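S.K.: just a sequence and a predicted model for now, questions to come.
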Amino acid sequence: MNKENNKQSIPEIYSLRYVKGGCAKNKCTAIKLKNLNLIKIVNKLYGSLRRSIVLNPLAKKEISLDDKNIILKYGLIVIDCSWKHFFTIKNLNMEWSRKLPPFIAANPVNYGKWEKLSSAEALAAALYITEYFDLAKNILSKFSWGPEFFRINNLDF
C-alpha cells in the first residue's frame, strides 16, 4: 500500500445519526468530529448521499481500495448509534453498504474488543483502507486514545 496521500480532493464524511439509540453525547465521537468541522451529521440519506459508501457491519461486501472513487464522489457515511440498537435499523441500501475487516477498538468504552469501534475509529479504518491516510490520522488525532487504535491494529504511516 502506498502511504503517500495523493494531492486530490478530500471526500465528504457524514454521520447518519439515529437519535433513538444514539450514544451518550459526552462520549459520542461523531458529535466531537462534527464540532471540529470534520464531518457532517445527517438524519436521513437523500439525493447523492444514497450513493455514498455506508459503513455497515451487516454488509456482505468489505470496503476496499476499489471504493476510493465512490467515496471521493459521493462521500463516506458512518452510522452513529449504540451497538445495542444497531440491529433495529431498517431500510439500509445494501448495495452501497460496506463492512470493515476485523479491527480492535481502542476507545475507552470498548477497549480491546473486536469490532466494537466508535464512529471515529470506523471512519479512520475505512479511510486508511482507501488510502486517505492523512485524513484517517487527522480524525483520530482528536482523541487521546486515537494513536492507540493504529498501534494495536498494526496500521503504520
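M.R.: That came through fine.
S.K.: check which helix or strand covers the residue most central in space within the chain.
M.R.: Nearest to the geometric centre of the chain sits residue 123, at 2.2 Å (C-alpha atoms, centre = their mean). Here residue 123 sits within helix 119-129, counting by DSSP states H and E.
S.K.: check which helices and strands that helix sits against.
M.R.: In terms of contacts (3 or more C-beta pairs under 8 Å, 6 or more residues apart in numbering; DSSP states H and E), helix 119-129 is packed against helix 29-35, strand 53-55, strand 76-80, helix 133-140, helix 146-152. In this view, the C-beta of every residue, glycine as well, is placed from N, C-alpha and C.
S.K.: single out the most deeply packed of the ones you listed.
M.R.: Ranked by mean neighbour count, those are led by strand 76-80 with a mean of 25 (mean count of other C-beta atoms under 10 Å).
S.K.: list the contacts of that strand.
M.R.: The contact list for strand 76-80, computed with C-beta atoms under 8 Å, 6 or more residues apart in numbering, reads 11-18, 22-23, 28, 30, 39, 41-42, 45, 49, 52-56, 86, 89, 92, 119, 122-123, 126-127.
S.K.: could you redo the last one with a cut-off of 7 Å?
M.R.: Strand 76-80 has contacts (C-beta atoms under 7 Å, 6 or more residues apart in numbering) with 11, 13-18, 22-23, 28, 30, 52-56, 89, 119, 122-123, 126.
S.K.: helix or strand with the lowest mean pLDDT in the chain?
M.R.: Scoring the helices and strands of the chain by mean pLDDT, DSSP states H and E places helix 83-86 at the bottom, with a mean of 60.
S.K.: any idea of the mean pLDDT in the helix holding residue 123?
M.R.: Mean pLDDT, helix 119-129: 97.
S.K.: the residue nearest to the centre of the chain and residue 10, how far apart?
M.R.: 13 Å (C-beta to C-beta, to the nearest Å).
S.K.: returning to that earlier point: residue contacts, the residue nearest to the centre of the chain?
M.R.: 13, 76, 78, 139.
S.K.: hmm, residue 72 is touching residue 12, no?
M.R.: No. Using C-beta atoms under 7 Å, residue 72 is not in contact with residue 12; the gap is 9.0 Å.
S.K.: contact partners for residue 36?
M.R.: Counted by C-beta under 7 Å, 6+ apart, residue 36 has contacts residue 142.
S.K.: please repeat the previous calculation with a cut-off of 10 Å.
M.R.: 138-139, 142 (C-beta atoms under 10 Å, 6 or more residues apart in numbering).
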